[in-house]
Structures are given as C-alpha cells and as structure tokens.
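K.L.:
the following block contains a protein sequence and its predicted model.
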Amino acid sequence: MKSRIISVIGMHRSGTSALTKGLETLGIGLGDTIIPAAADNPKGYWEDRLVLAINKALLEHCDIAWNDLRIVEEGEFLDPALGDLADQAAKLFADRIAAYGNWGFKDPRTARVLPFWLHAAQRAGVDLQFVVALRHPLAVAQSLQVRNGIPQVRGMLMWAAYLLPFLDRIRSFPHVFVTYDQLLDAPEDSIRKIADTLDWSVRRDRLADYTHAFLNKDLRHHPTDSEQDSLQQPVPEVVTSAYTLLSQAASVISPDFWERLAQAQAAHRALHPILQQMDAESGHRRKRNRSIFQRLLHA
C-alpha cells in the first residue's frame, strides 16, 4: 500500500494535540522534531517544528495574525512568491515518508492555510487524509480567554475563521470528524472510528497506553457543550449553525452535508466586512504592526 500522510485539522484548543497523539495507536509516526510541551499544554502539542515554521511564514506573508478573523482568499496561498515555502513543504512530505513510511502532523494554523498544503501534497504526489477535530465554540472561546485574554465573542468568531473557509476542500480526500467530548468520553470508540473510516489497523498495546496513560478527563477544563451555556453567553448564529452541522457529522454525515456546509460558508463570508473591521481595531493587530515597524526601523 502506498504511504499516506494524515493531518489533524481544527481550531486551537479543540483537542488537536490529543487526537494527533492518538495517531500513534494506528502505527503512524509523528517524527522526532516535535516542539516541547508547555504549561498550557502539559501533555504536549505534537507539532512538527517545520510545519509550524511554514505555517507561521504563510500567515506572515498574508499579513494574518493567528487570532485574526478576516477571510483569506485561496489565491493568496498559491502566490508564486511562496515558491520557497512550497518547495520546503513538498520536501517535508517526501522526507517524512522516507523516514516513517506513514506520517501524521498537526498545527491548528493548517486549517487556516489549507489550500497551500493541498497544493504541496499534489506536488509531492502523496496521499492525504484528514481528521477534523471539533469542540464547542464557546468552550474554545473560554479556553482562549483564560490563556490569551481574548474576548469570548472574538474567540468564537476565530473558531469560524479556522474551520469554515476551506473545509469543503477535504471532500475528495478520506476524512473523519471527531469531537473533543467523543474522544474523552469514549477514546477507544473514537480511535476505532478513525481507523475504520480511513482504513487503518489499531495496535491494541498502543491503544491501551493511549487511553489509560495519556488521556484523562482532566484535560477538559471548559466542559461547554450545552444549550444552557450558550444561553448565558450568546453565540453568533453563523457559529451556532456551523457547529451544529459539524458536530452532527461526527456521528453521521448526512446526504445534504456539503450543501449545508456551503450555506454556512456563504453566511460566514457575508460577515467579511465586519471581520475585517474587527481585525483593524484589534489590540493584537496594533501590537503586531508596532512590532513590524520596530523590525523595519532596526533592519
């Protein structure tokens, strides 16, 4: 069987790290260039240093901060000026397959710049698969508020900015949706669902280590998945409807799923002028602009 690369995509604080670690139970290598754990993710990020570096460079090229909201057009990620990064990405795929046979990677920013990675995989001639990590947008926003001081409404709109614009691009690739609650409440079932959907075999010894030694429900610091919580903190309608659709896909993908996703994407795109204005007024944006100015001043 041809070597495959599996990418875990999803918003920050959505369980992407825990899901990526779970790929090892399928015999998938994550590599030995992983960034170290930190206080906000003591179990580890499981992110390849080069993937992270490429994604940060892509966002910098498009003048997008990690917490910006505006919609980036697909063509920005296919700019010929990104040729060096495209070469790096294609070489990364080839090198990781040569080293591990089957390789898995994640960085939440990948969802934000997905067209770039799809193009790189096509250039490298590799088969991509996707695990989409989902978590209630309000829980994500609460986590971002605690960790980064980001207002909850902005955090929920960030969830949409990461998940909605390019999610339809994975339609022709093998893919599976998994919620954070599903993973923590029934980890074996979640891993077996990934294996069955994407045609992998589960290694029982690794699964036992993963479910009993790595995962625990204490990882769920913000257990928000209820209508009651949403009533206490209003969630933007475009976010509510999109999460409802995607979380349903984590159980079963309905025949009209992609049509409904297109409607959600159109509703999100209609907010683009507002999202641009919110970015322009963001304190993070002002700090970033000052940082860029200082670098130019001292260049």
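P.N.:
Noted; the coordinates are in hand.

K.L.:
C-alpha from now on. contacts and neighbour counts both.
P.N.:
OK.

K.L.:
show me what the helix or strand containing residue 264 is packed against.
P.N.:
Assigned by DSSP states H and E, residue 264 belongs to helix 257-269. When contacts are defined as 3 or more CA pairs under 8 Å, 6 or more residues apart in numbering; DSSP states H and E, helix 257-269 sits against helix 237-249.

K.L.:
tell me the contacts of the residue nearest to residue 87 when sequence neighbours are not counted?
P.N.:
The shortest distance from residue 87 to any non-neighbouring residue, by CA to CA, 6 or more residues apart in numbering, is to residue 120 (7.9 Å). Residue 120 sits next to 86-87, 89-90 when contact means CA atoms under 8 Å, 6 or more residues apart in numbering.

K.L.:
show me where the stretch 1-150 of the chain has its helices.
P.N.:
Using DSSP state H, counting those that start in this stretch, the helices of the stretch 1-150 of the chain run over 16-22, 49-61, 83-100, 109-112, 114-124, 137-148.

K.L.:
who's in contact with the second one?
P.N.:
Spelled out, it's helix 49-61. Applying CA under 8 Å, 6+ apart, the external contacts of helix 49-61 come out as 33-35, 65-66, 77, 82, 85, 88-89, 92, 105-107, 109-110, 113.

K.L.:
what subset of the residues you listed is buried?
P.N.:
Buried members of the contacts of helix 49-61, counted by 16 or more other CA atoms under 10 Å: 34, 66, 77, 85, 89, 92, 105-107, 109-110, 113.

K.L.:
now for these: which two are most distant?
P.N.:
Greatest spatial distance in the buried ones among the contacts of helix 49-61: 34 and 77, 24.6 Å, computed using CA to CA.

K.L.:
buried ones in the helix or strand containing residue 189?
P.N.:
Taking DSSP H and E as the criterion, residue 189 maps to helix 187-198. Going by neighbour count (16+ other CA under 10 Å), the buried part of helix 187-198 is 187-188, 190-195, 198.

K.L.:
so what secondary structure elements neighbour that helix?
P.N.:
Here helix 187-198 touches strand 175-179, helix 180-185, going by 3+ CA pairs under 8 Å, 6+ apart.

K.L.:
hmm, back to that, residue 174: which of the buried residues of helix 187-198 is nearest?
P.N.:
Taking the buried residues of helix 187-198 together and measuring to residue 174 by CA to CA, the closest member is residue 198, at 6.1 Å.

K.L.:
pLDDT wise, what is the residue nearest to that closest one when sequence neighbours are not counted at?
P.N.:
Setting aside the residues directly before and after it, residue 198 is nearest to residue 174 in space (CA to CA, 6+ apart), at 6.1 Å. pLDDT, residue 174: 98.

K.L.:
mind showing which ranges of the protein have poor pLDDT?
P.N.:
Along the chain, segments meeting pLDDT under 70 span 1, 217-233, 283-299.

K.L.:
pull the number of nearby residues for residue 79.
P.N.:
Neighbour count for residue 79, taken as other CA atoms under 10 Å: 13.

K.L.:
nearest to residue 145 among the buried residues of helix 187-198?
P.N.:
Closest approach to residue 145 among the buried residues of helix 187-198 (CA to CA): residue 187, at 27.0 Å.

K.L.:
wouldn't the closest one be in contact with residue 211 here?
P.N.:
Yes. In this structure residue 187 lies within contact range of residue 211 using CA atoms under 8 Å: 6.3 Å.

K.L.:
what about residue 111, how many residues nearby?
P.N.:
Using other CA under 10 Å, residue 111 is surrounded by 25 other residues.

K.L.:
test my guess that it contacts residue 163.
P.N.:
Yes. The pair residue 111 / residue 163 is scored as a contact, 6.5 Å apart, by CA under 8 Å.

K.L.:
what do the two both touch?
P.N.:
Listed as contacting both residue 111 and residue 163 by CA under 8 Å, 6+ apart are 10-11.
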